[in-house]
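A.B. asks: my questions concern the predicted model and sequence given below.
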Protein chains: 2
Amino acid sequence: MSLRPTLDFLLYDWLDAESLSGRERFADHSRETFDAVLDTCERIAREKYAPSNRIVDTQEPHFDGEKVILPQATHDAHKAFVESGMLSAAQDYDIGGMQLPYTLSAAANSFFAMASVSIGSNMLTSGNANLLMVHGTEMQKEVFAKNEFAGRWSGTMCLSEPQAGSSLSDVATRAVPDGPDFQDDPLGPRFRLTGNKMWISAGDHELTENIVHIVLAKIPDENGKLIPGTRGISLFIVPKKMVGTDGQLTGERNDVALAGLNHKLGWRGTTNTLLNFGEGKFPVGGKAGAVGYLVGQPGKGLHCMFHMMNEARIGVGTAATMLGMAGYFASLDYAKNRPQGRPAGPAGKDAAKPQVRIIEHADVRRMLLAQKAYCEGALALELYCARLVDEQKTGDAQAADDARLLLEVLTPIAKSWPSEWCLEANSLAIQIHGGYGYTRDFPVEQYWRDNRLNMIHEGTHGIQAADLLGRKVLMEDGRGLQLLVGRVGQTIARAAAVPALAAHAKALGEALERVGSATRAAWATGNPQEALANAVPYMQAFGHVVLAWIWLDVAQHALARDGAKALPATVGRLGAADFFFHYELPKIGAWLQVVERRDPTCAALPEEAF
Amino acid sequence: MSLRPTLDFLLYDWLDAESLSGRERFADHSRETFDAVLDTCERIAREKYAPSNRIVDTQEPHFDGEKVILPQATHDAHKAFVESGMLSAAQDYDIGGMQLPYTLSAAANSFFAMASVSIGSNMLTSGNANLLMVHGTEMQKEVFAKNEFAGRWSGTMCLSEPQAGSSLSDVATRAVPDGPDFQDDPLGPRFRLTGNKMWISAGDHELTENIVHIVLAKIPDENGKLIPGTRGISLFIVPKKMVGTDGQLTGERNDVALAGLNHKLGWRGTTNTLLNFGEGKFPVGGKAGAVGYLVGQPGKGLHCMFHMMNEARIGVGTAATMLGMAGYFASLDYAKNRPQGRPAGPAGKDAAKPQVRIIEHADVRRMLLAQKAYCEGALALELYCARLVDEQKTGDAQAADDARLLLEVLTPIAKSWPSEWCLEANSLAIQIHGGYGYTRDFPVEQYWRDNRLNMIHEGTHGIQAADLLGRKVLMEDGRGLQLLVGRVGQTIARAAAVPALAAHAKALGEALERVGSATRAAWATGNPQEALANAVPYMQAFGHVVLAWIWLDVAQHALARDGAKALPATVGRLGAADFFFHYELPKIGAWLQVVERRDPTCAALPEEAF
């Protein structure tokens, strides 16, 4: 089994990714160069990632008092990834990048997520460096970003604090000017930071020579007070080890100390840390306080940070998707080879006949087809969003603006939907394995554990839902939602003309209508407390409608390409689309019902009644 | 937080358990003796089970080459449980039991499942001994069952084999008569067994002096062939160590060897083993072959085994329920104490105000109320089923027969529904904890891992669904289903007269109607392959209707008892019922749609299209 045919179909037949090479930025690319990138990543993932996925789960990171120890396999995988050039794949040629479209980069990275989601934390490093390329000074780009793209240093994002996880308004890390000449440091205005940062992935390790932390902190006002809310947040570069303007280590440690490793349910290949900034363990120049260099304007830290949010959330969605896909492949393989039981009814009565393989049982097929519908559908959505990122960056003005706005609306779905449904896929993969799936002798239990993180990090399910219903469908007078409705409408119009898809097209039209009216009903009283009380069911329904649209569009393209040949892959895609429309889309009724009536049951229940 | 008020309400106010003391078998009992049992079990669970739940997870059983090592905490918990007398609670006074109703026994055991589900495997020991009390000879009861009830020995159930998990027809363990005098052994007809048994919980350990395996095996015919199918299966007692008729160990090992421990995702306090019977490692009397004593008639093994299935499946359902409840309590406690974020809308705009506790967020309340609705509803269902067991055993002829038949129909739901929805509750408990829930510093991730087993063991979800739609709703001309419809109808009639419940009563009536018509539609062509292709969605819908009925009945009783006082507990029960009717019951539409049209999407998809 290989992911490649599915990727190829989605990229080239469905999204026409090859046409991106017609754009100036990607003019040196072609199907051949795209395929070469996919080939390389597929090979590295197969050779360096997949064989170590269980090792990184069982050999959890540990701290020996001096250093964080990771398995050798992680070092090897990191080295191979760096050598692939993928860290800077999207960057300009003149800084050593390959000007690869994001669509291709997302597709290529999916191999790694499927082989071993937690072995690398490369998304953080490139996200960190990408942010500096947009908001950093020339010197900051030169010293920090370039060393990250080269894989010499790695990057983190330090947002959460123990008392402020989802609530960034409450960040309490302080940054005060470091001496009277603080403005004159060539690396950027120099501050001293004190505070604690929680849930920092890849916060400490020895994979790279240095670690570049990007840290949210607040600069106190003249009275020494922190400004409440997110307005007060600024952004700083805080290296683990001090560096010079030549990009070399000075030999001095910065005052950033590992306070503890988090011991997680899964995703154990990546360290997750609590970091203390400025506690005085590693004084710089004899003085406590972590040295940090301001990035961008004071008070604009969150704005800078959000610049990378869309891509990070597509990254999380893709990780969830590929964990689902890994479970699908494992359970499909198992189902094709494991004999157990006999068919229902008279055909199965003769116990003298040999057992059949479990893929012959209807219920096992149902669990396989559900996984296929969830995971391949989610992959299509992620690649569609990645394609919008390219459109936003390289399309003409109108197309770019449309892409931006569509991405705003689709990102909460791209992040949340696979986190929920590809986790369910992993549970079905366990179920197909029976008792064996519950043991650590098979990979599926790890996929399920690893995947449980995705509904939590980069904004929980609840945060995504409030973002969708509270902001995204309203913004710019609802134009983002209207754009989406327009795209879905185009798919419906095309599919309505195809006999095999006409009923689905009709069902999707009705579902879309209902989401629209539920959106209006939620906001009918204009009261955010009432509207948002059922934001998660709203997002679940919205997500199912988006996925139904994706499947209808994929099915229509597959049929159009196939002609009347009925290739197995086309039959599979039509089957998955049928599954989604028969088994999944009807679920939206239950979710939207509570949204439509702004059901107060949960919000109104007094605390003592729980 | 305590489980006790919920248990007390369900037992005494809802199920009128006290009235059981009016029956001859339970005549010495009263509310006082019932409460004393509950008190004792609650205390032992709190003192000996709960504190060790993480220990048994991290100190997984291991084999040192001679013995299986378990943590000391497991030994202590086992000792305390044995001393409580709960192993033989249901038995006659004259063999040392307390003639406790099963309803009370189920309620009391729920404390242990909530405190540490995997630390004990006592259900297996009492189930094993109960089976012998029904099907064993006087000597077998005396030697084996009594020592199990006393906690001196423990018991297992050896059904599955590596090549035959769900498919018992394919059991290949052989039992041949042990010498010409095999019929004359006072412990029962003596056979020699050879074969492998997989997934044997508590299959090897040092908690007790001996282990009594109950083993399914086939006696070859005159040509040495095993009879295909389940007809050929017989039941044997195979002790780990040989015993005399005096119930003392002879000092000789039986030929049962540990072939391996299974390393599981969760439920790690209980060893799970692969056992080799008769491989010659421990020859008895110089001869290979595990000595086994026939129980009951040859070829009737499965029949004997099914005797204990209902109780075992209620036990699994209760375990799933109590894991859900443990997560609910943990996340409710966390939500009441963790400050994070501010309310939606203008009220939350002032970041200078302190953060609120997360229970004040509507979405957190939704996740709490969902858990309450799932877990308290499931507990009510399990106790209702336990009450039917008592009715079957001590009711008058008609009531006993009705109870038997209702149990047949409800058991697949009692087993499957909590396995699915209280697992979902555990996922919500993680979600409420955010990042902390994903760490091993909080208990919720373990509950979720532990609970994942329950959809697999004692018959998978798929097996339960095929049993429900393929057998239970059809048996005795559908009289079981009709009985259930009658009970539900009575609840609807009572609730329809209560203004706060009238809408729910109407909704339940419609849902019940729809399940009935879906059942007929599934079987409209009389083709089991078509009817059963969507057995799992059918069971999901059936389960939701059963739970809606349970909640409506509970709510009606709560209101009737409360009068107009509006106690917090009553408000909570009504809230949970409202939640179930608004958020959950509407889901049945999507499930039943595919059942009604015998949707062939999954079954018909060719293998190469996956």
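C.D. replies: Okay, I see it.

A.B. asks: C-alpha only now, for contacts and for neighbours.
C.D. replies: Will do.

A.B. asks: OK, contacts around the residue in the stretch 1-150 of chain A that chain B sits nearest to?
C.D. replies: Using C-alpha to the nearest C-alpha, the closest approach of the stretch 1-150 of chain A to chain B is made by A:Met1 at 10.2 Å. For A:Met1, the contact set (C-alpha atoms under 8 Å, 6 or more residues apart in numbering or on different chains) comprises A:Phe329.

A.B. asks: how does it look with 10 Å?
C.D. replies: A:329-330, A:332-333 (C-alpha atoms under 10 Å, 6 or more residues apart in numbering or on different chains).

A.B. asks: and if you look at A:Ser201?
C.D. replies: Applying C-alpha under 10 Å, 6+ apart to A:Ser201 gives the contacts A:121, A:124, A:155-158, A:261-262, A:270-274.

A.B. asks: for it, give its distance to B:Phe442.
C.D. replies: Separation of A:Ser201 from B:Phe442 (C-alpha to C-alpha, to the nearest Å): 19 Å.

A.B. asks: equivalent analysis for A:Lys565, please.
C.D. replies: Counting by C-alpha to C-alpha - A:Lys565 and B:Phe442 are separated by 55 Å.

A.B. asks: of those two, who's got more company?
C.D. replies: B:Phe442 (15 against 10; other C-alpha atoms under 10 Å in any protein chain shown).

A.B. asks: nearest residue to the more buried one in space, please, no chain neighbours.
C.D. replies: Among residues not flanking B:Phe442 along the chain, B:Tyr436 sits closest, at 6.8 Å (C-alpha to C-alpha, 6 or more residues apart in numbering or on different chains).

A.B. asks: helix, strand or coil for the one you found?
C.D. replies: Recorded secondary structure, B:Tyr436: helix (DSSP: H, G, I helix; E, B strand; the rest coil).

A.B. asks: isn't it up against A:His457?
C.D. replies: No. Counting by C-alpha atoms under 10 Å, B:Tyr436 stays clear of A:His457, with 11.0 Å between them.

A.B. asks: and the stretch 151-300 of chain A, which of its residues are near chain B?
C.D. replies: Proximity of the stretch 151-300 of chain A to chain B (C-alpha under 10 Å from any C-alpha of the partner chain) is limited to residues A:162-170, A:198-199, A:226-231, A:262-267.

A.B. asks: apply 7 Å and report the result again.
C.D. replies: A:164, A:167, A:169, A:228-229, A:262-265 (C-alpha under 7 Å from any C-alpha of the partner chain).

A.B. asks: just the buried ones from these?
C.D. replies: Buried positions within these, assessed by neighbour count (16 or more other C-alpha atoms under 10 Å in any protein chain shown), are A:164, A:167, A:169, A:228-229, A:262-265.

A.B. asks: kindly reformat the residues you listed as JSON lines and extend each row with pLDDT.
C.D. replies: Below are these laid out as JSON lines (pLDDT from 0 to 100):
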{"residue": "A:Ala164", "pLDDT": "84"}
{"residue": "A:Ser167", "pLDDT": "84"}
{"residue": "A:Ser169", "pLDDT": "88"}
{"residue": "A:Pro228", "pLDDT": "88"}
{"residue": "A:Gly229", "pLDDT": "88"}
{"residue": "A:Asn262", "pLDDT": "97"}
{"residue": "A:His263", "pLDDT": "96"}
{"residue": "A:Lys264", "pLDDT": "97"}
{"residue": "A:Leu265", "pLDDT": "98"}
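
A.B. asks: as TSV, the residues you listed with secondary structure would be great.
C.D. replies: Shown next, in TSV, are those (three-state DSSP):
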residue	secondary structure
A:Ala164	strand
A:Ser167	coil
A:Ser169	helix
A:Pro228	coil
A:Gly229	coil
A:Asn262	coil
A:His263	coil
A:Lys264	strand
A:Leu265	coil
